[in-house]
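K.L.:
Show me the folded form of this:
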Amino acid sequence: MQKAVLVGVNLREDPDFERSMEELESLAQACDMEMAARVVQNLPAVNNALYIGSGKVEEVRNLVSMTGADCVVFDNSLSPMQQRNLQKELEAVVLDRTNLILEIFNRRARTKEARLQVESASLQYMLPRLVGMRQALSRQGGGAGAGGGYGAGGGLANRGAGETKLELDRRRIEKRISELRRDLEQIEQDRQTQQKKRRESSLPSVALVGYTNAGKSTLLNRILDRYMAEDEKKVLEKDMLFATLDTTVRRISPGDNRDFLLSDTVGFIDKLPHTLIKAFRSTLLEACSADLLLHVVDFSDPHYKEQMKVTQDTLRQLGAEQIPCLLVMNKADLVMEAEQIPKVSEDRICLSAKQGIGVETLVSLIQEKLYAGMVDCMMKIPYGDGTAVSYLKENAVVQSMEYEADGVLLRLKCRQSDAGRYRQYRI
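P.N.:
Just a heads-up that it's a prediction; the model follows:
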């Protein structure tokens, strides 16, 4: 396990600073790093050249030497110039918060889409930092042999001849970013096709959103335990930041013809790098197409209100703030008496996904929200239109069904759209 010195700057006595440093340590642990030391400096503004003051740079350098640390990790994004200067001064590998998050995403990506998204974000982050990543910046590209690099036809035999290594690297990265963009655009088209098919199925959709490690995947698995019981449909659940990155969609069938689609999405975090929001935008937009959002909150975390604000701000960036939302206060068993759970108050429910307490109540709330516009109907459908009977049995809440001489008599609750679709059969 690598050792890391963690460094943070508390600007103007930021009340969230301590929480941010604790989160930095969790990010480091998720990258298999052990905190060797922690350095904090109070400043009115960061140092443009070194991020921290020159005296603190000396202190950090001594700590690296004393602890045998492998790297120094800063609690904010460093500019390319700051990162170059710090590496020179500290004579150690210098990482920032964005580095850690990118590395975690890189390790956790499983699907082709997630891997492409992470690679795209990493290359965009690397591009302006190439200067600091090359020791031989002025080294020229390889020649083409005798004749000053000219071929028999008088043209350049090696197009890169005479260019610096830096320029060649930049060209390769920009080309790769363009390739990734095209691949991701194709995947996005496929995703839109899948979303269109799901909308045509007339099933409403629900998206789990929230801060990383709030328990979204655990909640999805408990719902699957209750209503599906197929282990291969479950997702990874683990007490770590960004345990899952890939969007998962499952059909939930409580058994009363009020089914819905439930999707899990990547978790949010404070100071989530812009390149990652941009790269994972297509994945995050799964939430924007939902009929209902479940904002999952770690109720046991002392900073849960700040985490809620981060999620709300990110949803606002995605244009999803207008979608109806249920607040799911998870891990309530750690802060409330067991007999108080589940507790429902308007659009908020306190439950425990890990213990499976309140799952059925939550699903009932979801159904009430999704199917609030259902109307009571009585229809008599001729025997010749068996398709209509089959459709309503699958998509409406059929309360009774009687076979009469001239057709099937149904008493049911259905959507307004379906009531209009079969209005000729209503009696």
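
K.L.:
Count the neighbours of residue 225 for me.
P.N.:
14 (other C-beta atoms under 10 Å). (Each C-beta comes from the backbone N, C-alpha and C, glycine too.)

K.L.:
so how far is residue 254 from it?
P.N.:
According to C-beta to C-beta, to the nearest Å, residue 225 stands 13 Å off from residue 254.

K.L.:
show me where the stretch 1-150 of the chain has helices.
P.N.:
Shown for the stretch 1-150 of the chain, the helices assigned by DSSP state H, counting those that start in this stretch span residues 17-30, 54-67, 80-90, 97-108, 112-126, 130-133.

K.L.:
Okay, buried residues for the third one please.
P.N.:
For helix 80-90, burial by neighbour count (16 or more other C-beta atoms under 10 Å) applies to 80-87, 89-90.

K.L.:
what is the mean pLDDT for the longest helix seen in the chain?
P.N.:
Assignment by DSSP state H gives helix 165-200 as the longest helix of the chain. Averaged across helix 165-200, pLDDT comes to 80.

K.L.:
Now do the helices in the stretch 301-427 of the chain.
P.N.:
Going by DSSP H, counting those that start in this stretch, the stretch 301-427 of the chain shows helices at 304-318, 359-370, 386-395, 416-421.

K.L.:
Make TSV from those helices and add distance to residue 326 and mean neighbour count to it.
P.N.:
Listed next are the helices of the stretch 301-427 of the chain as TSV, based on distance: least, C-beta to C-beta, whole Å; neighbours: other C-beta atoms under 10 Å:
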stretch	distance to residue 326	mean neighbour count
helix 304-318	13	16
helix 359-370	6	18
helix 386-395	23	15
helix 416-421	22	14
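
K.L.:
Quick one: closest of these to residue 405.
P.N.:
helix 386-395 (15.8 Å; C-beta to C-beta).

K.L.:
Hmm, residue 86 is touching residue 94, no?
P.N.:
Yes - counting by C-beta atoms under 8 Å, residue 86 touches residue 94, with 4.5 Å between them.

K.L.:
Can you check which residues contact both of those two?
P.N.:
Residues touching both residue 86 and residue 94 (C-beta atoms under 8 Å, 6 or more residues apart in numbering): 72, 74, 78.

K.L.:
can you count the residues close to the second one?
P.N.:
Translated: residue 74. So residue 74, with other C-beta under 10 Å, has 27 neighbours.

K.L.:
Test of understanding: give the bridge partners of it.
P.N.:
For residue 74, the beta-bridge partners are residue 7, residue 96 (DSSP bridges).

K.L.:
picking that back up, out of the shared contacts of residue 86 and residue 94, which is nearest to residue 170?
P.N.:
For those, the residue nearest residue 170 by C-beta to C-beta is residue 78; the value is 19.8 Å.

K.L.:
That closest one: how many residues sit nearby?
P.N.:
21.

K.L.:
domains of the protein?
P.N.:
The chain breaks down by automatic domain parsing into domains covering 2-105, 109-142+158-201, 203-370, 375-425.

K.L.:
Can you flag the weakest of those domains by average pLDDT?
P.N.:
Among the domains of the chain, domain 109-142+158-201 carries the lowest mean pLDDT (a mean of 72).

K.L.:
Would you format the helices of the stretch 301-427 of the chain as a markdown table with distance to residue 50 included?
P.N.:
Listed next are the helices of the stretch 301-427 of the chain as a markdown table, based on distance: least, C-beta to C-beta, whole Å:
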| stretch | distance to residue 50 |
| --- | --- |
| helix 304-318 | 28 |
| helix 359-370 | 50 |
| helix 386-395 | 63 |
| helix 416-421 | 62 |
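
K.L.:
Next one: the most centrally placed residue in the chain from residue 190, what distance?
P.N.:
Ranked by distance to the mean C-alpha position of the chain (C-alpha atoms, centre = their mean), the top residue is residue 266 at 2.0 Å. The spacing between residue 266 and residue 190, counted by C-beta to C-beta, is 18 Å.

K.L.:
Enumerate every residue touching residue 288.
P.N.:
Contacts for residue 288 (C-beta under 8 Å, 6+ apart) come out as 318-320, 323.

K.L.:
how about 6 Å then?
P.N.:
By C-beta atoms under 6 Å, 6 or more residues apart in numbering, residue 288 lies in contact with 318, 320.

K.L.:
do the same with the one 10 residues further on
P.N.:
For residue 298, the contacting residues are 214, 304, 331, taking C-beta under 6 Å, 6+ apart as the criterion.

K.L.:
ok, so what distance separates it from residue 399?
P.N.:
Relative to residue 399, and taking C-beta to C-beta, residue 298 is found at 40 Å.

K.L.:
Ignoring the adjacent residues along the chain, who's closest to residue 263?
P.N.:
Spatially, and ignoring its direct neighbours in sequence, residue 263 is nearest to residue 249 (4.5 Å; C-beta to C-beta, 6 or more residues apart in numbering).

K.L.:
Which strands border the helix or strand hosting residue 296, and is each parallel or antiparallel?
P.N.:
Secondary structure from DSSP states H and E places residue 296 in strand 292-298. The strands beside strand 292-298 in its sheet (DSSP bridges) come out as strand 205-210 (parallel), strand 325-330 (parallel).

K.L.:
Distance from that strand to the middle of the chain?
P.N.:
How far strand 292-298 lies from its chain's middle: 13 Å, per C-alpha atoms, centre = their mean, to the nearest Å.

K.L.:
cool, stretch 346-359 as well?
P.N.:
Put simply, stretch 346-359 sits 22 Å off its chain's centre (C-alpha atoms, centre = their mean).

K.L.:
going forward can the numbers begin at 843, since that is how I track them
P.N.:
In the new numbering, first residue 843, that becomes stretch 1188-1201.

K.L.:
what's the first-to-last distance across stretch 1112-1131?
P.N.:
24 Å (C-alpha to C-alpha, to the nearest Å).

K.L.:
repeat for stretch 872-891
P.N.:
So stretch 872-891: terminal residues 29 Å apart, C-alpha to C-alpha.

K.L.:
And residue 1198, its phi and psi?
P.N.:
Main-chain torsions, residue 1198, degrees, to the nearest 10: phi 70, psi 20.
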